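S.K.: after the sequence you'll find the predicted model.
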Amino acid sequence: MFFGYLAILVTKSGNFPNIIYRALTMTIIQAIILGIVQGLTEFIPVSSSGHLVLVPHLLGWEFDHSQAFVFDVLVQWGTLFAVFIYYRKDLTTIGLEFFRTLLSGKPFSTENSRMGWYLILATVPAVIVGLLCKNLIESAFSDAKMTGLFLLLTASLLIIAELAGKRNRSTKEIVWFDALWIGCSQVLALLPGVSRSGSTMAGGMTRNLDRSSAARFSFLMSVPVMLGAGVLAFKDLFTMQTTDNFILPLIVGFLAALLSGYLAIRWLIAYLSKHSLYVFAGYCSLAGAVILFL
């Protein structure tokens with residue numbers, strides 16, 4: 001939901017996939033399926049928000065609005081933990097170097113400390129736009145057809161990235177303007193159906209990062225906003241009433257999202273070392289057309 005995470009941050013109500021949730025208690029099987037959908041599509045550039053609208057609609061599932069919101073938040077934390085686990089060494093090194101050089105008065109003296117600042121810088125544009133354009137974004141999430149249209153936009157971004165990018169740079173060569181540019185591309189993911197990973201990878205590739213490096217930076221930069229939005233959303237969780245028989249689906253959905261998210265990151269990084277994004281562009285075009293016709 002990319003902004004499953006940031007959409008929750010700016011709307012504070014989890015509106016978007018909930019337009020198709022209505023009244024029934026979620027089952028274990030439904031939780032597993034939706035957790036897997038979230039985990040896979042959060043990182044594979046095909047839009048998790050689009051799929052979390054499309055899958056329940058196609059299967060005829062309806063859930064209570066408040067339960068759907070709780071579930072949305074927790075499965076997003078499952079994907080956040082997947083990033084933590086896969087990039088645990090990178091994140092630990094970046095974090096330690098960031099604070100060590102900051103305390104020593106030389107905050108930009110090492111590659112990893114600079115990466116910490118770049119990840120923060122890349123987060124800023126989407127947070128600012130999300131807060132300033134809250135009502136506009138919220139209205140977009142109320143229209144399922146917009147999801148279909150923006151899936152087509154995701155397809156276009158992936159094609160542009162493949163055509164425009166020279167793919168001759170790695171994350172070691174990233175500078176502040178690259179981070180800002182990729183951060184601005186992340187703004188597009190505030191819209192339903194625009195893949196966060198797709199838009200940010202496209203942003204990186206148009207700055208001539210190779211595919212795997214663009215994906216790595218995209219996944220690392222998901223941590224600050226996803227973490228911040230999840231913390232904010234958890235405040236709302238404690239005010240919502242849930243039943244005891246909903247606890248197990250929550251746990252199962254979280255674990256399904258964590259496992260599938262981890263596998264998605266691992267598979268995609270290896271895939272992109274040898275293959276293009278065109279197959280994902282084709283898939284997004286097809287999914288967008290399905291949503292528009294439905």
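M.R.: Sure, I can see it.

S.K.: report pLDDT for L180.
M.R.: pLDDT for L180: 97.

S.K.: is it true that it touches A122?
M.R.: Yes. Counting by Cβ atoms under 8 Å, L180 touches A122, with 7.0 Å between them. (Each C-beta comes from the backbone N, C-alpha and C, glycine too.)

S.K.: of these two, who's got more company?
M.R.: Neighbour count, other Cβ atoms under 10 Å: between L180 and A122, A122 has more, with 30 against 16.

S.K.: name the helix or strand for that one, please.
M.R.: Using DSSP states H and E, the element containing A122 is helix 111-132.

S.K.: low-confidence bits of the stretch 101-250 of the chain, can you list those?
M.R.: 138-143, 229, 232-246 (pLDDT under 70).

S.K.: tell me where it has helices.
M.R.: 111-132, 134-141, 144-164, 176-187, 196-206, 211-220, 222-237, 247-272 (DSSP state H, counting those that start in this stretch).

S.K.: and these, which is most packed in?
M.R.: helix 196-206 (a mean of 29; mean count of other Cβ atoms under 10 Å).

S.K.: and G282, what does it touch?
M.R.: By Cβ atoms under 8 Å, 6 or more residues apart in numbering, the residues touching G282 are A155.

S.K.: can you check what pLDDT the model gives it?
M.R.: 96.

S.K.: return the distance of Q186 relative to P192.
M.R.: Taking Cβ to Cβ, to the nearest Å as the measure, Q186 falls 15 Å from P192.

S.K.: go on, I32?
M.R.: Noted for I32: a distance of 24 Å to P192, by Cβ to Cβ.

S.K.: compare the two (neighbour count), which wins?
M.R.: More crowded of I32 and P192, by other Cβ under 10 Å: P192, with 31 against 17.
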